[in-house]
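1. pasted the sequence and its predicted model underneath.
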Amino acid sequence: MKIREIRLEDLDPVAFIKTQVQELKDTVGDGTAVVALSGGVDSSVVTMLGHRALGSRLKAYFIENGIMRTGEPQAIVAAFTRLGVRVQLVDARALFFRALKGITDPEEKREAITQTFYKTIFGPLVKRSGARFLLQGTNYTDVEETVAGIKRQHNVLAQLGIDTKKAYGYHVLEPVIQLRKTGVRMVGKALGLPKAIFERPPFPGPALAARVIGAVTPERVATVRAATRIVEEELARSGAFQYLAILHEDRVTGIRKGKREFGHQIEVRCWESTDAITGTPTHLSWPVLERLAKRITTEVKGVVSVTYNITAKPPSTIEAV
Ligand code: XMP
C-alpha cells in the first residue's frame with residue numbers, strides 16, 4: 001500500500017488542517033472543486049477543509065436520495081449554512097426509488113444505489129459544473145478494506161472501471177485518506193464542526209435501504225424511518241456504538257383493539273463495538289426494551305411486533321442488508 005497512515009499519536013489536527021488546506025489551494029489553483037456532502041464525518045470534514053481552502057470555489061451538493069432519516073437532509077444543509085458553507089440540496093428521490101423498484105437482493109440493492117448516485121446523478125452534475133476536482137472523504141480503513149476486497153462501496157469510481165479524468169474530466173482529491181475514523185473526528189473537532197457531526201455514530205452509505213429487508217418503496221422506508229427515529233431517541237444515552245431498526249419482509253398476525261391485524265415486524269439492534277468488525281449486542285434493560293416495543297407499536301403505523309437481536313457479529317452483521 002503506497003498511502004502512509006498517520007497514526008493518532010502522530011496526529012496534530014491543527015497542523016494537519018494547515019497542510020491539507022495548503023495542498024488543496026496549491027492543487028486546485030484558481031479552479032473549482034465539487035464535493036458530495038452526506039453529513040457523515042468523512043464528507044463533513046472534507047467539505048470544511050475544501051471550504052477553508054477554496055471558499056465559494058467549492059461547490060457542495062447534498063443528494064437527497066429519499067432513504068435518509070427524518071429531517072436529515074435539511075438538518076445537514078442548515079448546519080453547514082451556519083458554518084458559512086453553501087450547500088445545494090438536489091432532490092433525487094424519484095430517481096433512487098425508480099432504480100430500487102422490484103429489487104430485493106441485498107447486493108443488487110447496494111449496486112443500484114451506487115450506480116444511481118455516481119452514474120445517473122453525481123457524474124453528470126460534476127460534468128455540468130465544469131469543476132476539474134472532486135473531493136472525496138475516503139479514509140485509511142476504506143483503502144485497507146478495498147484492497148482486501150471487503151467493501152465494494154468505496155473508491156467506487158475506480159471499482160466501477162471509471163477513470164474519472166477520462167470519463168468526466170476531473171481528478172479525485174482525498175484529503176483524509178491517511179487517517180482512520182478517530183483521526184477524522186479529531187480533525188472535525190479542530191475545524192469547529194458541531195459535536196453532533198464530528199461525533200456522529202456510523203450510518204451506512206445505502207442509508208435506510210440497508211435496513212429494509214425486501215422491496216425498498218417510499219412507504220416501507222417511511223416505516224423504518226419512523227422506527228429509527230424512536231430507536232435513536234430512546235438509545236441516544238445508551239453509550240452504544242450503533243443502534244438501529246430493521247423492517248422485516250415477513251408479516252405476522254397481531255391484534256389491535258380486539259381486531260386481527262396482519263402487520264409488520266421491526267427488529268431493533270444495538271451494538272457494542274469499537275471498530276464495527278466485530279460486535280456484541282448491548283445488554284439493554286428490560287424497561288428500555290419494553291419502552292421501545294410500546295412506542296414502536298403505537299407510533300409506527302402497521303407495526304405489531306418488535307424484536308431485539310441477541311446475535312453477535314459474526315455471524316450477524318451490524319446492518320441487515
Ligand atoms: P456491517 O453491516 O457490514 O457494517 O456489519 C459495518 C459498519 O459499516 C457500516 N456500513 C456501511 N458504511 N457504506 C458505509 O459507508 C456501506 O455500504 C455500509 N454498509 C454498512 C455499518 O453501519 C456499520 O457501522
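-> Here it is on my side, so go on.
2. strands of the stretch 151-300 of the chain, start to end?
-> 171-173, 242-247, 252-256, 259-272, 280-281 (DSSP state E, counting those that start in this stretch).
3. dump those to a markdown table, plus mean neighbour count.
-> Every residue, glycine included, has its C-beta placed from N, CA and C. Shown next, in a markdown table, are these (neighbours: other CB atoms under 10 Å):
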| stretch | mean neighbour count |
| --- | --- |
| strand 171-173 | 17 |
| strand 242-247 | 23 |
| strand 252-256 | 13 |
| strand 259-272 | 19 |
| strand 280-281 | 16 |
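4. show me which residues of the protein sit near the ligand.
-> The chain comes close to the ligand at residues Q153, P202, P204, G205, P206, A210, Q242, A276, K313, T317, I318, E319, as judged by CB under 6 Å from any ligand atom.
5. which of the residues you listed has the weakest pLDDT?
-> Model confidence across the residues of the chain next to the ligand bottoms out at Q153, which has 55.
6. let me see the contact set for the nearest residue to K165 once chain neighbours are set aside.
-> Excluding its sequence neighbours, the residue lying closest to K165 (CB to CB, 6 or more residues apart in numbering) is H171, at 6.0 Å. Taking CB atoms under 8 Å, 6 or more residues apart in numbering as the criterion, H171 is in contact with T27, R132, F133, L134, T164, K165.
7. got a list of what the second one touches?
-> With contacts defined as CB under 8 Å, 6+ apart, the neighbours of R132 are V28, G31, T32, A33, G169, Y170, H171.
8. give the buried subset of those residues as a PyMOL selection command.
-> The buried residues among those can be selected in PyMOL (16 or more other CB atoms under 10 Å) with this line:
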select buried, resi 28+32+33+170
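9. for the contacts of R132, could you give me a markdown table that also reports distance to M186?
-> Below are those laid out as a markdown table (distance: CB to CB, whole Å):
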| residue | distance to M186 |
| --- | --- |
| V28 | 24 |
| G31 | 29 |
| T32 | 29 |
| A33 | 23 |
| G169 | 34 |
| Y170 | 29 |
| H171 | 27 |
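10. now do the contacts for the residue nearest to T282 when sequence neighbours are not counted.
-> In this structure, T282 finds its nearest non-sequential neighbour in C270, 4.2 Å apart by CB to CB, 6+ apart. C270 sits next to V231, L235, S238, A240, Q242, Y243, L244, P281, T282, L284, Y308 when contact means CB under 8 Å, 6+ apart.
11. distance of F122 relative to T114?
-> 10 Å (CB to CB, to the nearest Å).
12. with G302 instead?
-> From G302 to T114 the distance is 30 Å (CB to CB).
13. wait, doesn't E199 sit right on R185?
-> Yes. Contact criterion CB atoms under 8 Å: E199 and R185 qualify, at 6.6 Å.
14. quick one, which of the two is more surrounded?
-> R185 (20 against 12; other CB atoms under 10 Å).
15. nearest residue to the more buried one other than its sequence neighbours?
-> F198 (5.0 Å).
16. for G50, same thing?
-> G50 sits nearest to L58 (CB to CB, 6+ apart), 4.2 Å away.
17. how much space between that neighbour and L247?
-> For L58, the distance to L247 - CB to CB - is 37 Å.
18. and if you look at L289?
-> In terms of CB to CB, L289 sits 18 Å off from L247.
19. roughly how far does F96 sit from I121?
-> 9 Å.
20. let me fix that: D142
-> 21 Å.
21. now swap in E199 and tell me
-> Counting by CB to CB - E199 and I121 are separated by 29 Å.
22. show me the contact partners of the helix ranked longest in the chain.
-> Assignment by DSSP state H gives helix 218-235 as the longest helix of the chain. For helix 218-235, the surrounding residues in contact (CB under 8 Å, 6+ apart) are 66-67, 69-70, 93, 97, 208-209, 211-212, 214, 243-247, 264, 266, 268, 270, 284, 288, 291-292, 295-296, 299-303.
23. for the stretch 1-150 of the chain, which segments count as helices?
-> 13-28, 41-54, 72-82, 93-100, 106-115, 123-129, 140-147 (DSSP state H, counting those that start in this stretch).
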